[in-house]
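1. Give me the fold of what follows.
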Amino acid sequence: MEITDGRYPITVVTGFLGSGKTTLLSNVLQHEQYKNTAVIINEYGQAGLDHRLIRRIEEKTRLLSGGCICCNMRDDLINEIKEILNETERGEIKMNRVVIETTGLADPAPILFSILMDPLLTNRFYVDATVCCLDAANGELHLENNPESVKQIAVADTIIITKTDIVEKETVAEMRRRLMQLNPAAIVLEAANGKIDANQVFANSQNQMSDKISKLASQKESFKQSDAMHNTSVRSMAIGFKKPLDWTAFGLWMSMLLFSHGEKMLRIKGMIDVGAQGPVVINGVQHIIHPPHHLDDWNGEEHDSQIVFIMKDLEPAQIMSSLMAFQSIIGSTPEIKEINLNPYAKN
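-> Okay, the predicted model is just below:
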């Protein structure tokens, strides 16, 4: 579902230290259709290396060094995007997309928030997707020991398992199962030696999400409680509704939920049947809500609502009861098609 209002897409590429972000981008940007991609690289050190590697492929590469754009350099990021826009409008460079590569320890949520809260940027850009790289060899350790890695996975639209060429197939399959538990609404891809179909990396996130959400009902075996061996504070929940939801009630409920528990609600993604000709796509990261996207039709899919929640230190039953209460107050109690609760667990 390409956005055709003249705005430029922004893709955020994240992933823990050593996950292969730079290698992946270097390979993707060699493709002719992405030659006009502007790349912003964030590195902790004053002397950056990643941007030099990518600049060999893409000349429109900028470095933001000496800090993290999710913490103390967000103003620098916004100014850099605006400068790229100015150079494009002055005819100094050709640009049709911006890619932001974060540091390995970055939290993508504040970056998205900064972009979506700037009036100029929202008028000229839209956030197309958050892409997260996960190292097939060390990803399990990162998820186990580093909260930053878990957060990066939780907020991603697309997850790319990298370095699949140096591990066994069973390891990759196990990692896929783990990722499905943590972020069941994400598209999961694989890359060997950083090589992957470039169009998959930069595919429009709304279109990918529509495909993924529509398949959640057939994947409910992935959510069985028996799969879990231990719990952590991160949980996922997928809910399906048979009949249309009251859009006003849902919007009020979601706004209040994120206002009260924004830091704990890592991700909300879904397609909502509101009784219109097509569904409404919702996409939220913590207290950040992307503008709802109203699709023209259902593209042959079943007319029902599918919503995925990923939360930290919140009980799924609490979220479910508040949603049902809001729908009942304004409209009528919705008929649940299915509900899958799955504590984030290591198999």
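
2. what about the residue lying closest to Ile289 once chain neighbours are set aside, which SS state?
-> Ranked by Cβ to Cβ, 6 or more residues apart in numbering and with sequence neighbours excluded, the top spatial neighbour of Ile289 is Leu258, at 6.6 Å. No exception for glycine: its C-beta is placed from N, CA and C like everyone else's. Using DSSP: H, G, I helix; E, B strand; the rest coil, the structure places Leu258 in helix.

3. and Leu258, how many residues sit next to it?
-> 19 (other Cβ atoms under 10 Å).

4. Go ahead and confirm it touches Gln286.
-> Yes - assessed by Cβ atoms under 8 Å, Leu258 is found in contact with Gln286 at 7.3 Å.

5. list residues touching both of those two?
-> Residues touching both Leu258 and Gln286 (Cβ atoms under 8 Å, 6 or more residues apart in numbering): Met265.

6. And the helix or strand where Leu121 lies, what does it pack against?
-> Using DSSP states H and E, Leu121 sits within helix 119-124. In terms of contacts (3 or more Cβ pairs under 8 Å, 6 or more residues apart in numbering; DSSP states H and E), helix 119-124 is packed against helix 74-89, helix 108-116.

7. tell me what the shortest one is packed against?
-> Using 3+ Cβ pairs under 8 Å, 6+ apart as the contact test, the elements touching helix 108-116 are strand 8-15, helix 74-89, helix 119-124, strand 125-135, helix 147-154, strand 280-285, strand 288-289.

8. can you put the helices and strands packed on helix 119-124 in CSV and add mean pLDDT, mean neighbour count and distance to Ala154?
-> Formatted as CSV, these follow (pLDDT from 0 to 100; neighbours: other Cβ atoms under 10 Å; distance: least, Cβ to Cβ, whole Å):
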stretch, mean pLDDT, mean neighbour count, distance to Ala154
helix 74-89, 93, 16, 20
helix 108-116, 89, 21, 9
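
9. Pipe those into a markdown table and attach distance to Thr22 per row.
-> What follows is the helices and strands packed on helix 119-124, written out as a markdown table (distance: least, Cβ to Cβ, whole Å):
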| stretch | distance to Thr22 |
| --- | --- |
| helix 74-89 | 18 |
| helix 108-116 | 17 |
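
10. Of all those, which one is nearest Met254?
-> Of all those, it is helix 108-116 that lies closest to Met254, at 15.4 Å by Cβ to Cβ.

11. got a list of contacts for the closest one?
-> 10, 12, 14, 69-71, 74, 77-78, 81, 100, 102, 121-122, 125, 127, 130, 132, 151-152, 155-156, 285-288, 290.

12. got it, and stretch 311-323?
-> With Cβ under 8 Å, 6+ apart, stretch 311-323 has contacts from 233-237, 239, 250, 253, 257, 261, 264-266, 309, 339, 341.

13. about what we covered before: may I see the ChimeraX selection of the buried members of the contacts of helix 108-116?
-> Per 16 or more other Cβ atoms under 10 Å, the buried members of these correspond to this ChimeraX selection:
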select :10,12,14,69,70,74,77,78,81,100,102,121,125,127,130,132,151,152,155,156,285,286,287,288,290
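
14. still on that earlier bit, can you put the helices and strands packed on helix 108-116 in TSV and add distance to Arg176?
-> TSV is the format used below for the helices and strands packed on helix 108-116 (distance: least, Cβ to Cβ, whole Å):
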stretch	distance to Arg176
strand 8-15	16
helix 74-89	32
helix 119-124	34
strand 125-135	10
helix 147-154	12
strand 280-285	22
strand 288-289	27
